[in-house]
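Novice: Based on what follows, work out the 3D shape:
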Amino acid sequence: SGEPVLVLLTASGELDFGHPALRRGAIVMSTSAGAKKIGARLPATCELVVLGKGKSIDIGKAVSDMRNRGLDVLLSEGGPHLMGQLMRERLLDEAFLTVSPVVAGRAKEKRLGMVEGIELLPEKGAWSKLLSARLHGDHLFLRYGVKRS
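Specialist: Now for the predicted structure:
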């Protein structure tokens, strides 16, 4: 209930410290190296939480910390590496996918996919079940439940 809480995960500590979302207040989770880089530059409205010493945040500890704070519904808008960590630790319950009428392509540059840092097929599949589909204009919004097999 109430306003959503913004939680930012940054292993590197690279943030836009003047961003309005940080000025409003956020929980910032980082590694010890990232926290050192952040230093005292966070606005007073923010809280810094250190989770791990390596190059990445322990996503299991991050989710446990959020749950302990009473954050029961977590919406991740993270990138493909975070998605990979959530899937590896079996912490992803649902996935929302949007099919857009824009066709994108790539030439030779490397572009990350939806999931990085974990190999799924052929040994491990990430199967899901379609929970809902909505159409708005030319956009299709799909909601999948992720199976825990």
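Novice: Which parts of the protein are helices?
Specialist: Per DSSP state H, the chain carries helices over the ranges 20-24, 32-38, 59-68, 80-88.
Novice: and the shortest one, what does it pack onto?
Specialist: If I follow you right, that is helix 20-24. Judged by 3 or more Cβ pairs under 8 Å, 6 or more residues apart in numbering; DSSP states H and E, helix 20-24 is in contact with no other helix or strand. Quick note: C-beta positions are derived from backbone N, CA and C, even for glycine.
Novice: Now do it: everything it contacts.
Specialist: Leu6, Leu8, Leu15, Asp16, Val28, Leu42, Pro43, Thr45, Cys46 (Cβ atoms under 8 Å, 6 or more residues apart in numbering).
Novice: most packed of the helices of the chain?
Specialist: helix 80-88 (a mean of 20; mean count of other Cβ atoms under 10 Å).
Novice: CA atoms only for that one, dumped as CSV, please.
Specialist: Output of helix 80-88 as CSV, limited to C-alpha atoms (Å, rounded to 0.1, in the frame of the first residue of the first chain):
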residue,chain,number,x,y,z
PRO,A,80,19.4,-8.8,-19.7
HIS,A,81,22.0,-9.6,-17.1
LEU,A,82,19.6,-9.0,-14.2
MET,A,83,17.0,-11.0,-16.0
GLY,A,84,19.5,-13.9,-16.3
GLN,A,85,20.3,-13.7,-12.6
LEU,A,86,16.6,-13.7,-11.7
MET,A,87,16.0,-16.8,-13.9
ARG,A,88,19.1,-18.6,-12.7
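Novice: relative orientation of it and helix 59-68 in degrees?
Specialist: Helix 80-88 and helix 59-68 are oriented at 80 degrees to each other (axes from the mean of the first three to the mean of the last three Cα atoms, to 10 degrees).
Novice: picking up where we left off before, what is the nearest of the contacts of helix 20-24 to Ala126?
Specialist: Nearest to Ala126 out of the contacts of helix 20-24 is Leu8 (Cβ to Cβ; 25.4 Å).
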